[in-house]
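[1] sequence and predicted model, in that order:
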2 protein chains.
Amino acid sequence: MLRLSKLTDYAVVVLTRLDDATDGGVLTAPGLAGATGLAEPTVAKVLKILAHAGLVEGRRGALGGYRLTRPLADMPLIDVITAMDGPIALTACVDNSFGVCESESTCPVRGRWDPVNEAIRRALSGISIADLAGPPAVVPHPEPASPVFVAG
Amino acid sequence: MLRLSKLTDYAVVVLTRLDDATDGGVLTAPGLAGATGLAEPTVAKVLKILAHAGLVEGRRGALGGYRLTRPLADMPLIDVITAMDGPIALTACVDNSFGVCESESTCPVRGRWDPVNEAIRRALSGISIADLAGPPAVVPHPEPASPVFVAG
DNA sequence: TGCAATCCGGACCTTGATGGTCCGAATTGC
DNA sequence: GCAATTCGGACCATCAAGGTCCGGATTGCA
């Protein structure tokens, strides 16, 4: 399905929420859970991963919480995806691990996925989280009569 | 991981192999399995899906087999991915299914993934299977000194 | 100094999709 | 009529993702 994990989706939601109160203030995991409507342990898990990647900063103790390390406009989407889902690699045989593919000797596309990965990586680098949050996103109900579906 | 399924990878391999003998001749599933080194039922499954998508054409009976419906240069990669993995949609809440997201009312990125999907779709549309097969792919061993264990 | 709030790091389990296999039915050429 | 082959579906095993939970460490406050 060429889908990225739900955690990545949650991460974007959490980051945008975190941006709303980044004026020096921090937000706690339960607070973010309440603001986003997501389960508290899930939000905590997302925040931990994001903190590990350096996208957010956690402060322990009472009055602790999380805050952004940089504005969302300076945070390309690919950073979040890489943090949550790992590096962009459509196929396993594209990295430097040799010898793991049993049909290596007969594989005609060996190493040929690189430009594809590069194309996607480039497409994703030009989009920031701020672009996703965009203008105070109040998407008007997109006309339920029209069959809008994003087929490839 | 933003990965596509192995079946898609197999499909590209099978298609390129099929291109080698598309001069009017057809290739059987067992024949392709032998040529690619993949398991026979797996190849058959891939071919069935590709045939259903119209990318290859199957002919039954004795002397039957599969053949390409068009040259690989006219077959964009996105067609194969769509056939094998379904339509490109990074997140579930991007399609027309409304009301399935429990945090729909509070989600700040609602409908914001569309440009991302579009960017990826555009990046993938510009690459054909022929580009992946590329020049008679004999990738020069990039690591001659590394422990090369050819598993197969 | 003790207590409460909060993050941190990991283990754990469930669920769903994926990968892979197999079988019977239909079709075609000899 | 027979053999070869695709077609269509069902079936099962495996694995990663999604989600939950717990103990420990850190910080601020009374």
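    Great, that's in hand. Note that this is a predicted model, so its numbers are computed, not measured. Numbers count the residues shown, from 1 in each chain, chains lettered A, B, ... in the order given.

[2] C-alpha from now on. contacts and neighbour counts both.
    OK.

[3] for the strand or helix carrying A:Leu132, what is the average pLDDT?
    Element membership of A:Leu132, judged by DSSP states H and E, is helix A:129-133. Per-residue pLDDT values over helix A:129-133 give a mean of 84.

[4] got it, and stretch A:84-96?
    Rounded mean pLDDT across stretch A:84-96 is 64.

[5] state the distance from the nearest residue to A:Gly65 once chain neighbours are set aside to A:Gly61.
    On the basis of CA to CA, 6 or more residues apart in numbering or on different chains, the spatially nearest residue to A:Gly65 that is not a chain neighbour turns out to be A:Thr28, at 4.3 Å. According to CA to CA, to the nearest Å, A:Thr28 and A:Gly61 sit 11 Å apart.

[6] neighbour-wise, which of those two wins?
    Shown here are A:Thr28 and A:Gly61; by other CA atoms under 10 Å in any protein chain shown, A:Thr28 has more neighbours (20 against 7).

[7] pretty sure the more buried one sits against A:Ala62.
    No: at 10.2 Å, A:Thr28 and A:Ala62 do not qualify as touching, with contact defined as CA atoms under 8 Å.

[8] got the contact list for the helix or strand harbouring A:Ala51?
    Per DSSP H and E: A:Ala51 is located in helix A:40-52. Helix A:40-52 has contacts (CA atoms under 8 Å, 6 or more residues apart in numbering or on different chains) with A:7, A:10-11, A:14, A:29-30, A:32-34, A:56-58, A:66, A:80, A:83-84.

[9] distance of A:Lys45 relative to chain B?
    For A:Lys45, the distance to chain B equals 17 Å [CA to the nearest CA, to the nearest Å].

[10] now for that residue, how many residues are close by?
    Count around A:Lys45 with other CA under 10 Å applied: 14.

[11] can you check A:Ile88 too?
    Using other CA under 10 Å: A:Ile88 sits among 16 other residues.

[12] help me confirm that it is found in a helix?
    No: using DSSP: H, G, I helix; E, B strand; the rest coil, the assignment for A:Ile88 is coil, not a helix.

[13] ok, now which ones touch it?
    By CA under 8 Å, 6+ apart, the neighbours of A:Ile88 are A:Thr82, A:Asn117, A:Arg121, B:Met1, B:Leu2, B:Arg3.

[14] ok, the residues you listed vs DNA strand C, which is closest?
    B:Arg3 (8.7 Å; CA to the nearest atom of the strand).

[15] name all residues that make contact with the residue nearest to A:Gly65.
    Counted by CA under 8 Å, 6+ apart, A:Thr28 has contacts A:Gly64, A:Gly65, A:Tyr66.

[16] the inter-axis angle of the helix or strand hosting A:Val12 versus helix A:40-52?
    Per DSSP H and E, A:Val12 falls inside helix A:6-20. Counting by axes from the mean of the first three to the mean of the last three CA atoms, to 10 degrees, helix A:6-20 lies at 80 degrees to helix A:40-52.

[17] report the buried residues of helix A:6-20.
    A:7-19 (16 or more other CA atoms under 10 Å in any protein chain shown).

[18] alright, that wraps it up for me.
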